[in-house]
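Engineer: 3D, please:
(2 chains)
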Amino acid sequence: MTQTVPADAVPDQALEQLVCGIPYLRFLGLQVRREGSDLVAVLPFQPMLIGNPLVQALHGGVTAALLEVTAILALMDQTGPQGTEPPAVPKTIDLTVDYLRPGLPRDAFAAARIVRAGRRYASVHVEAWQEDRARLFAQGTGHFLLRGAAAE
Amino acid sequence: MDNIRALARRFIEALPHAHALGLALEEIGEGIAVIALPYDARLIGDPATGVIAGGAVSTLLDTASGAAVMCHPTGPIATATLDLRIDYMRPASPGQLIRARAECHHVTRSVAFVRVTATDDDATRPVAMGTGAFTVEFRK
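Structural biologist: Modelled structure (predicted):
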């Protein structure tokens, strides 16, 4: 693993630009930072992310969205900008979300592991946690269609 | 039934994140729920195409699925998603409303199973399909 970015180098300008370019990520209030070689997505809590007001749990769709966008950002980060253009947004083929415990009304974090990325397809595993990284509240696996600048 | 429908609509549309997305309940009853997501530029996931983000579609499918569980004739009083798998078959056409129809097709004492399909104006070609397992609780 090449250590290109020191662990304390947060936030990252290229990542910020990626996030700013996607309206839905701004809508969610998503932020991204680097921790060593990991890209970590941060979803600061806000009341509009609640699904069930009776138990104050994050909406399951928000959890799915956090996992999916973290996978997408990790893939885009790996591709890097294509000249002056931002990298193409990979298309989600499928996503399976495993809900391990309720999302609490506090900040949520997610990190992706690109299990395999070929020329066209990528398989990505994502984990999400809140207070304690060892205590996941959701995990997921997704397949994505990559669209490199040279393709199509 | 109209009364129940109005109640269900108010309940679902009051869920904070469903409200933030502008989700609207169109049909409910007997383990089936139909919920619509209006097109909204804030929800775009790919600025190059204007296509709505997968995350917003996931939220639509999850909400419709949960609603289908809650209106199942066995009468659950609470539910939560255990597992949801979504296949994204094609991008939804920008500018069009996305409609999810969820069917809770089997319920045990502890688990509810759901199928859900999302379509845009071309209802013959689904945008996304999902299968989910949900927790269920009944009044003791």
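
Engineer: what's the neighbour count on A:Val42?
Structural biologist: A:Val42 has 17 neighbouring residues, counting by other CB atoms under 10 Å in any protein chain shown. In short, each C-beta sits where N, CA and C put it, glycine included.

Engineer: any idea what it is bridged to?
Structural biologist: In this entry, A:Val42 is beta-bridged to A:Gln31, A:Phe109, by DSSP bridges.

Engineer: isn't it right up against A:Val32?
Structural biologist: Yes: with contacts counted by CB atoms under 8 Å, A:Val42 reaches A:Val32, the gap being 7.0 Å.

Engineer: what about the helices in chain B?
Structural biologist: Taking DSSP state H as the criterion, chain B carries its helices at B:2-13, B:16-21, B:54-70.

Engineer: swap in chain A?
Structural biologist: Assigned by DSSP H, the helices in chain A fall at A:13-20, A:23-28, A:60-79.

Engineer: for chain B, what are the nearby residues on chain A?
Structural biologist: Residues of chain A found near chain B (CB under 8 Å from any CB of the partner chain) are A:21-24, A:26-28, A:47-53, A:57-62, A:64-66, A:68-69, A:88-89, A:91-99, A:102.

Engineer: show me what contacts B:His106?
Structural biologist: By CB atoms under 8 Å, 6 or more residues apart in numbering or on different chains, the residues touching B:His106 are B:Ala112, B:Phe113.

Engineer: and the pLDDT for it?
Structural biologist: B:His106 is assigned 98 on the pLDDT scale.

Engineer: do A:Val5 as well
Structural biologist: The per-residue pLDDT reported for A:Val5 equals 37.

Engineer: so the residue nearest to A:Gln56 when sequence neighbours are not counted versus A:Met76, what's the distance?
Structural biologist: Leaving out its chain neighbours, the residue that sits closest to A:Gln56 by CB to CB, 6 or more residues apart in numbering or on different chains is A:Pro105, at 4.7 Å. According to CB to CB, to the nearest Å, A:Pro105 and A:Met76 sit 29 Å apart.

Engineer: quick one, which of these two is more surrounded?
Structural biologist: Using other CB under 10 Å as the criterion, A:Pro105 and A:Met76 rank with A:Met76 on top: 22 against 16.

Engineer: chain neighbours aside, what residue packs nearest to the more buried one?
Structural biologist: Using CB to CB, 6+ apart, the closest residue to A:Met76 is A:Pro87 (4.5 Å).

Engineer: got it, and A:Lys91?
Structural biologist: Nearest non-adjacent residue to A:Lys91, counting by CB to CB, 6+ apart: A:Leu145, 4.3 Å away.

Engineer: please identify the most buried of the helices of chain A.
Structural biologist: helix A:60-79 (a mean of 26; mean count of other CB atoms under 10 Å in any protein chain shown).
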